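Undergrad: need a structure here:
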Amino acid sequence: MTDDDVEPSGPLATRLAPVRAWWEGLARRERRLLTFGASVLGAYLLFALAVQPAWRTLSRAPAQLAALEAQQQAMQRMAAEARELRAMPPVNPEQSATALKAATERLGDRAKLSLQGDRAVLTVTGVGTGQLSGWLSEVRSGARARPVEATLTRGTSGYSGNIVVAIGGGS
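TA: Numbers count the residues shown, from 1 in each chain. Alright, predicted model coming up:
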């Protein structure tokens with residue numbers, strides 16, 4: 001008795017009877033061809049649904065790891081800078097104001113500084129990214145000022161808007 005001789009029984013067998021009759025009606029060569037085609041299709045589906053996504057993930061992993069490593073290093077640099085700034089002695093309000101004015105003068109006529117107690121408001125018109133970043137770095141280290149609010153829009157000539165910084169230990 002072979003596996004082909006065993007007939008399934010039950011409701012499934014009843015439903016599969018026409019398919020089984022069709023299969024048995026095929027020539028041996030046609031059965032082999034259909035079996036081969038189903039095997040190829042099955043192999044492709046296995047590759048497309050299981051192997052290829054994993055392969056794609058593995059191929060992208062080094063680039064993602066490099067990007068994450070760069071982000072981590074940038075965050076560590078910022079944390080080190082924050083520790084250094086905290087360790088520095090405080091600057092009195094007069095020195096902060098002087099440092100803010102000096103940094104603002106480097107931006108030229110595109111920037112205006114307004115001191116208001118423990119806060120300073122910088123109004124800019126058409127300032128480039130590098131200039132704005134330089135100003136923020138300079139006031140952070142020189143005046144010990146920290147940005148508390150920014151309302152900026154980017155246009156074709158650069159950034160325009162306001163930046164509010166806290167100075168002299170203000171919150």
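Undergrad: quick one: the helix of greatest length in the chain to chain centroid distance?
TA: Ranked by residue count and defined by DSSP state H, the top helix of the chain is helix 52-87. Centroid separation between helix 52-87 and its chain, computed with CA atoms, centre = their mean, to the nearest Å, is 11 Å.
Undergrad: List the contacts of stretch 63-76.
TA: Outside stretch 63-76, not one residue touches it by CB atoms under 8 Å, 6 or more residues apart in numbering. Placement of C-beta: from N, CA and C, glycine included.
Undergrad: before we move on, the earlier item: could you give me the average pLDDT of the longest helix of the chain?
TA: Average pLDDT, helix 52-87: 92.
Undergrad: same check, this time on stretch 32-41
TA: pLDDT averaged over stretch 32-41 gives 95.
Undergrad: Off-centre distance for it?
TA: The answer for stretch 32-41 is 44 Å, by CA atoms, centre = their mean.
Undergrad: Other residues contacting that stretch?
TA: residue 26.
Undergrad: Now do the helices in the chain.
TA: Under the criterion DSSP H, helices of the chain are mapped to 11-25, 28-46, 52-87, 93-105, 129-142.
Undergrad: May I see those helices arranged in JSON lines, with mean neighbour count as well?
TA: Formatted as JSON lines, the helices of the chain follow (neighbours: other CB atoms under 10 Å):
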{"stretch": "helix 11-25", "mean neighbour count": "10"}
{"stretch": "helix 28-46", "mean neighbour count": "10"}
{"stretch": "helix 52-87", "mean neighbour count": "10"}
{"stretch": "helix 93-105", "mean neighbour count": "17"}
{"stretch": "helix 129-142", "mean neighbour count": "16"}
